[in-house]
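Q: sequence-free structure coming up:
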């Protein structure tokens with residue numbers, strides 16, 4: 001069952017999890033060959049079989065779309081040889097830097113897989129362009145060519161004394177999106193996306209408040225539940241580079257009793273050119289957009305108190 005904003009992983013996987021896990025073994029090789037302790041653990045421990053299967057589905061799609069050799073090259077040259085032998089309290093360090101490098105490589109594959117399984121088509125992996133920096137080029141269900149920049153920001157963090165340290169840091173995610181906007185703004189487009197796939201435990205797609213405030217702006221709450229976004233408090237979408245970006249996406253793989261994808265999309269109401277994409281291009285995502293100066297949600301982003309349904313945009317306000 002798919003509910004906009006959250007989608008069961010098995011509903012879009014064309015192969016079985018067993019086939020997917022076997023494919024990971026054929027591409028990545030034995031777990032003993034990996035310098036990263038955490039990656040080696042995740043490739044062979046039964047508790048990580050659900051994650052390994054999903055990685056396999058991503059890689060199988062990369063083979064189908066014919067960009068697996070590029071992924072294998074990055075895995076072999078960047079992620080696999082990364083030596084990080086430190087343990088944390090006798091266990092693999094959740095912030096293992098070698099595993100973080102693998103997460104950065106796989107994030108692009110994950111985004112391509114998710115979009116393709118929801119009606120998009122793959123065009124090119126890291127196309128060479130005169131200006132801009134593009135991770136993926138894809139075509140939307142409505143037929144638009146879309147240049148995409150992906151950021152796998154943040155870390156899970158180490159839990160000590162019931163507190164999480166050096167992880168789930170919103171500032172890392174926001175810094176990644178700022179960089180993504182700068183990189184993609186000059187790309188040919190005509191539509192451009194920035195995507196955050198935060199490498200954290202709790203799914204940010206279900207609490208996307210930091211991305212809402214960064215991209216859309218800082219809202220003000222008033223009595224009676226009224227929420228206002230004033231023109232003077234708009235976010236990155238309204239900047240000179242941001243107006244070149246069509247939308248910002250937060251995408252998570254949610255590992256619970258079953259696997260899900262959480263996806264929240266913020267459409268840029270100040271994008272130039274405007275309206276190249278619509279909520280219909282993201283059929284399984286929670287999509288927020290501004291219509292007639294009222295913020296609407298198609299589906300649910302979970303808890304998004306920064307931009308709840310019905311938030312009013314007030315143009316020409318002085319702001320504070």
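A: Noted; the coordinates are in hand. Note that the coordinates shown come from a computational prediction; the quantities given were computed from them, not determined experimentally.
Q: what about the nearest residue to residue 286 once chain neighbours are set aside, neighbour count?
A: Nearest residue to residue 286, sequence neighbours excluded (Cβ to Cβ, 6 or more residues apart in numbering): residue 5, at 3.3 Å. Every C-beta, even on glycine, is put in place using the N, C-alpha and C of the backbone. Applying other Cβ atoms under 10 Å, we find 23 residues neighbouring residue 5.
Q: Got phi/psi on residue 5?
A: Backbone torsions of residue 5, given as degrees, to the nearest 10, read phi 110, psi -30.
Q: Check residue 75 too.
A: The phi/psi pair for residue 75 (degrees, to the nearest 10) is phi -60, psi -50.
Q: From residue 221, how far off is the closest residue to it other than its chain neighbours?
A: Nearest non-adjacent residue to residue 75, counting by Cβ to Cβ, 6+ apart: residue 105, 5.9 Å away. Going from residue 105 to residue 221 by Cβ to Cβ, to the nearest Å gives 41 Å.
Q: before we move on, what about residue 170?
A: 20 Å.
Q: Going by how many neighbours each has, rank the two and give me the top one.
A: residue 170 (18 against 13).
Q: got a list of what the more buried one touches?
A: residue 210 (Cβ atoms under 8 Å, 6 or more residues apart in numbering).
Q: Ok, residue 99 next?
A: 36, 38, 39, 42, 84.
Q: correct me, but the first one touches residue 79?
A: This points to residue 36. Yes - Residue 36 lies in contact with residue 79 (Cβ atoms under 8 Å); the separation is 7.4 Å.
Q: Where does residue 55 fall, secondary structure wise?
A: Taking DSSP states H and E as the definition, residue 55 sits inside helix 49-64.
Q: Return the distance of that helix from the chain's centre.
A: Chain-centre distance of helix 49-64: 16 Å, with Cα atoms, centre = their mean, to the nearest Å.
Q: Tell me the first helix or strand C-terminal of that helix.
A: helix 68-74.
Q: Leaving out the residues flanking it, which one is nearest to residue 107?
A: residue 152 (3.7 Å).
Q: So that neighbour versus residue 44, what's the distance?
A: Taken as Cβ to Cβ, the span from residue 152 to residue 44 is 23 Å.
Q: Between these two, point out the one with more neighbours.
A: residue 152 (23 against 15).
Q: Pop out the phi and psi values for that one.
A: According to degrees, to the nearest 10, residue 152 has phi -100, psi 60.
Q: Can you spell out which helices and strands pack onto the helix holding residue 55?
A: Helix 49-64 is packed against helix 17-28, helix 37-44, helix 68-74, helix 97-116, strand 247-255, with contacts defined by 3 or more Cβ pairs under 8 Å, 6 or more residues apart in numbering; DSSP states H and E.
Q: need these in JSON lines with mean pLDDT and distance to residue 157, can you?
A: Below are the helices and strands packed on helix 49-64 laid out as JSON lines (pLDDT from 0 to 100; distance: least, Cβ to Cβ, whole Å):
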{"stretch": "helix 17-28", "mean pLDDT": "98", "distance to residue 157": "25"}
{"stretch": "helix 37-44", "mean pLDDT": "93", "distance to residue 157": "13"}
{"stretch": "helix 68-74", "mean pLDDT": "97", "distance to residue 157": "25"}
{"stretch": "helix 97-116", "mean pLDDT": "95", "distance to residue 157": "12"}
{"stretch": "strand 247-255", "mean pLDDT": "97", "distance to residue 157": "16"}
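Q: Let's have the ones you listed in a markdown table, adding distance to residue 201.
A: Formatted as a markdown table, the helices and strands packed on helix 49-64 follow (distance: least, Cβ to Cβ, whole Å):
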| stretch | distance to residue 201 |
| --- | --- |
| helix 17-28 | 21 |
| helix 37-44 | 13 |
| helix 68-74 | 25 |
| helix 97-116 | 13 |
| strand 247-255 | 9 |
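Q: Identify each buried residue in stretch 133-147, please.
A: 133-141, 144-147 (16 or more other Cβ atoms under 10 Å).
Q: Now tell me what touches it from outside.
A: Contacts for stretch 133-147 (Cβ under 8 Å, 6+ apart): 108, 111-112, 115-116, 118-127, 132, 148-150, 183-184, 187-193, 246, 276-278, 280-281, 283.
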